[in-house]
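In: for reference, the sequence and a predicted model appear below.
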Amino acid sequence: MWRSLTIVFFLVFSFYISAQDQPVLTSAPDWQLFTETGKEIKSSDFAGKPLIIHFWATWCPYCKKLQPGLDKLYKTYQTDSLQLIAVSFWEDEGATPQAELEARGMSFETVINGDHVARNLFAVKSTPTTVFIDKYGRIVASTRISDPEDPRLEAMVKLLLEM
């Protein structure tokens, strides 16, 4: 028990340091967006499962750098019920985010036109921003880390799976 509490404190504090101007939310807001093909994706689709939301844009070099690390985590822990959805926002006219992810070799899906969700519901101020939500729908952490090898990313995933 104490080990888990210590890990939680360390992770939350570490993520807080990397995203000090991000407001702390306790419960993930409800949202709904669409993929490029028109498929509706809603927050309720992930109910009862740990979730990573990756806020990004096709033009963002830091997003491009981070995505292989997120994809690796997703592939590694998907069998443990980990979910990952990308939310594309602040896009240039004519951008095709899902095609861009596929060209980069990513296996996760993205929804598009996520400006309202990013800014108004999750208070995202820059790309990339990664939000970790536990299976109870609580936001555990939010970070702007762009290093795909940062060990805090995997530590947070493991924490989500333990909760």
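Out: The structure has been received and is ready for your questions.
In: what is the burial count for residue 147?
Out: Neighbours of residue 147 under the rule other Cβ atoms under 10 Å: 12. In short, each C-beta sits where N, CA and C put it, glycine included.
In: quick check: it vs residue 66, distance?
Out: 7 Å (Cβ to Cβ, to the nearest Å).
In: now do the SS call for residue 159.
Out: With DSSP: H, G, I helix; E, B strand; the rest coil as the basis, the three-state label of residue 159 is helix.
In: so it is in contact with residue 138, correct?
Out: No. The criterion here is Cβ atoms under 8 Å, and residue 159 misses it with residue 138 at 11.9 Å.
In: not counting sequence-adjacent ones, nearest residue to the residue most central in space within the chain?
Out: In the chain, the C-alpha nearest the mean C-alpha coordinate belongs to residue 53, at 2.3 Å (Cα atoms, centre = their mean). Spatial nearest neighbour of residue 53, chain neighbours left out: residue 131 (4.4 Å); criterion: Cβ to Cβ, 6 or more residues apart in numbering.
In: please apply the same query to residue 70.
Out: Nearest non-adjacent residue to residue 70, counting by Cβ to Cβ, 6+ apart: residue 54, 5.7 Å away.
In: other residues contacting the one helix or strand that neighbour maps to?
Out: Using DSSP states H and E, residue 54 sits in strand 51-56. For strand 51-56, contacts defined as Cβ atoms under 8 Å, 6 or more residues apart in numbering pick out 28, 63, 66-67, 70, 73-74, 82-89, 97, 108, 110, 114, 118, 122, 124, 127-133, 157.
In: next: stretch 119-130.
Out: 19, 21-23, 25, 29, 31, 52-57, 60, 62-63, 66, 70, 89-90, 118, 131, 142-146, 153.
In: if we use 6 Å, what do you get?
Out: Applying Cβ atoms under 6 Å, 6 or more residues apart in numbering, the external contacts of stretch 119-130 come out as 23, 29, 31, 54-57, 60, 62-63, 66, 118, 143-144, 146.
In: let me see the mean pLDDT of that stretch.
Out: Taken as a whole, stretch 119-130 has a mean pLDDT of 95.
In: again with stretch 83-93
Out: According to the model, stretch 83-93 has a mean pLDDT of 95.
In: what do you get for stretch 135-154?
Out: 93.
In: shift numbering so it begins at 112
Out: From this message on, residue numbering opens at 112, which makes the last subject stretch 246-265.
In: show the end-to-end separation of it, please.
Out: End-to-end distance of stretch 246-265: 17 Å, with Cα to Cα, to the nearest Å as the criterion.
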